[in-house]
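>>> the sequence isn't on hand, but the structure is:
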Ligand SMILES: NC(=O)c1ccc[n+]([C@@H]2O[C@H](COP(=O)([O-])OP(=O)(O)OC[C@H]3O[C@@H](n4cnc5c(N)ncnc54)[C@H](OP(=O)(O)O)[C@@H]3O)[C@@H](O)[C@H]2O)c1
């Protein structure tokens, strides 16, 4: 493997000298466009962020999903744990929260809690359109903005490519009027990658959201290189494969290399694998457990694996 000089690495990865100095311990940086921004809580060092290619704006590498976790009723007992999760997420420096009209009450719960905690200006709200036809799409997106108490929405994505061209036409117009800041598409399964690649090639997108985890790596073949080539930010959904990975790993001790990338848990190992891919902008693990949230947010700090360690991580974990 060719060794880069420090100067070459800075130029290639777009890392400022100041931010690199701030993460002097960060000897295993593998990603392009890694930056650091101040954290508001006493987490180790500075939170890692990456650039959205369409604008240059940076977002933290760990966001949060809301599927199932935020789909609760109005009772205080149901909402309180999620209020703690959202408060801790923001206190740790988190910004991007992903929802969908497909996720039951999640949009409304996220909107209510972010208003209660006065967090709207600090969050990057992403949701989706998941219906057919222009008129229904407009109605649903306006309803989402009302429920999320977010106008404009930071990112509107076409969920699972449903009536994708119709909604992308609407969203192109909405973006020009400032009703949405960014536009994207989502999917969650490798069987849809051909269709996703077609949209990525034919349309101008700001974001792609796709499944990517240490044991769902098919996106590496075509979609992730295509996203980089097209200047599209990538959100990794299902970074824990929906939680399935924990049932295999829970009983295993952390490998010795976990210390080299400042990981204290399997969740951090799994998230650091995902966010260290050069095409991935952020991962959006979902949790309704505040201790899991704190655990996940620590993956946005410290060292990341380089290409060599990523290979070793995948090989080691395939044995469990
Ligand atoms: N088509 C699409 O657009 C699409 C499809 C799938 C997902 N998504 C988005 O991606 C998000 C994430 O995907 P996902 O929710 O399917 O799966 P995931 O984030 O891979 O896994 C969630 C599971 O992991 C558990 N978990 C979280 N943190 C943990 C920790 N530190 N330790 C142990 N367990 C932990 C959660 O349980 P606890 O609550 O107990 O922590 C939950 O069971 C979704 O919420 C959604 O926003 C989008």
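Received it, and whenever you're ready, just let me know what you need. Keep in mind the model is a prediction, meaning the values are calculated, not measured.

>>> now the strands for the stretch 151-300 of the chain?
Secondary structure of the stretch 151-300 of the chain (DSSP state E, counting those that start in this stretch): strands located at 153-158, 180-186, 207-211, 233-237, 280-283.

>>> can you list contacts of stretch 309-320?
Stretch 309-320 is touched from outside by 28, 30, 214-215, 217, 248-249, 252, 255, 257, 260-261, 269, 273, 276-277, 305, with contacts defined as CB atoms under 8 Å, 6 or more residues apart in numbering. Using the backbone N, CA and C atoms, a C-beta is placed for each residue, glycine as well.

>>> quick revisit: need the strands of the stretch 151-300 of the chain in JSON lines (columns: mean pLDDT, mean neighbour count and distance to residue 56).
Compiled in JSON lines, the strands of the stretch 151-300 of the chain are given as follows (pLDDT from 0 to 100; neighbours: other CB atoms under 10 Å; distance: least, CB to CB, whole Å):
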{"stretch": "strand 153-158", "mean pLDDT": "98", "mean neighbour count": "25", "distance to residue 56": "15"}
{"stretch": "strand 180-186", "mean pLDDT": "98", "mean neighbour count": "23", "distance to residue 56": "12"}
{"stretch": "strand 207-211", "mean pLDDT": "98", "mean neighbour count": "25", "distance to residue 56": "14"}
{"stretch": "strand 233-237", "mean pLDDT": "98", "mean neighbour count": "25", "distance to residue 56": "11"}
{"stretch": "strand 280-283", "mean pLDDT": "98", "mean neighbour count": "28", "distance to residue 56": "12"}
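
>>> save the ones you listed as JSON lines, and put in distance to the ligand too.
Shown next, in JSON lines, are these (distance: least, CB to the nearest ligand atom, whole Å):
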{"stretch": "strand 153-158", "distance to the ligand": "7"}
{"stretch": "strand 180-186", "distance to the ligand": "3"}
{"stretch": "strand 207-211", "distance to the ligand": "5"}
{"stretch": "strand 233-237", "distance to the ligand": "3"}
{"stretch": "strand 280-283", "distance to the ligand": "8"}
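
>>> would you reformat the ones you listed as JSON lines and include distance to residue 143?
As requested, these are exported to JSON lines (distance: least, CB to CB, whole Å):
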{"stretch": "strand 153-158", "distance to residue 143": "12"}
{"stretch": "strand 180-186", "distance to residue 143": "14"}
{"stretch": "strand 207-211", "distance to residue 143": "20"}
{"stretch": "strand 233-237", "distance to residue 143": "22"}
{"stretch": "strand 280-283", "distance to residue 143": "26"}
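
>>> residues in the stretch 51-200 of the chain within reach of the ligand, list them.
65, 66, 67, 69, 98, 159, 160, 186, 187, 188 (CB under 6 Å from any ligand atom).

>>> one more time with 8 Å
By CB under 8 Å from any ligand atom, the part of the stretch 51-200 of the chain that sits against the ligand consists of 64-69, 98-100, 103, 128, 157, 159-160, 186-188.

>>> residue 68 reaches residue 287, doesn't it?
No - taking CB atoms under 8 Å as the contact criterion, residue 68 and residue 287 are not neighbours in contact, 10.2 Å apart.

>>> residues near residue 270, how many?
25 (other CB atoms under 10 Å).

>>> how about the helices of the stretch 101-250 of the chain, start to end?
In order along the chain, the stretch 101-250 of the chain carries the following helices (DSSP state H, counting those that start in this stretch): 106-116, 134-148, 164-176, 193-202, 223-230, 244-249.

>>> could I get those as a markdown table with distance to residue 293 and mean pLDDT?
Shown next, in a markdown table, are those (distance: least, CB to CB, whole Å; pLDDT from 0 to 100):
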| stretch | distance to residue 293 | mean pLDDT |
| --- | --- | --- |
| helix 106-116 | 13 | 98 |
| helix 134-148 | 20 | 98 |
| helix 164-176 | 30 | 98 |
| helix 193-202 | 29 | 98 |
| helix 223-230 | 26 | 98 |
| helix 244-249 | 15 | 92 |
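
>>> relative to residue 53, which of those helices is closest?
Nearest to residue 53 among the helices of the stretch 101-250 of the chain is helix 223-230 (8.3 Å), distances taken as CB to CB.

>>> and the closest one with helix 193-202, angle?
Using axes from the mean of the first three to the mean of the last three CA atoms, to 10 degrees, the interaxial angle of helix 223-230 with respect to helix 193-202 works out to 0 degrees.

>>> is helix 223-230 up against the ligand anywhere?
No - applying CB under 8 Å from any ligand atom, one finds helix 223-230 separated from the ligand by no less than 13.8 Å.
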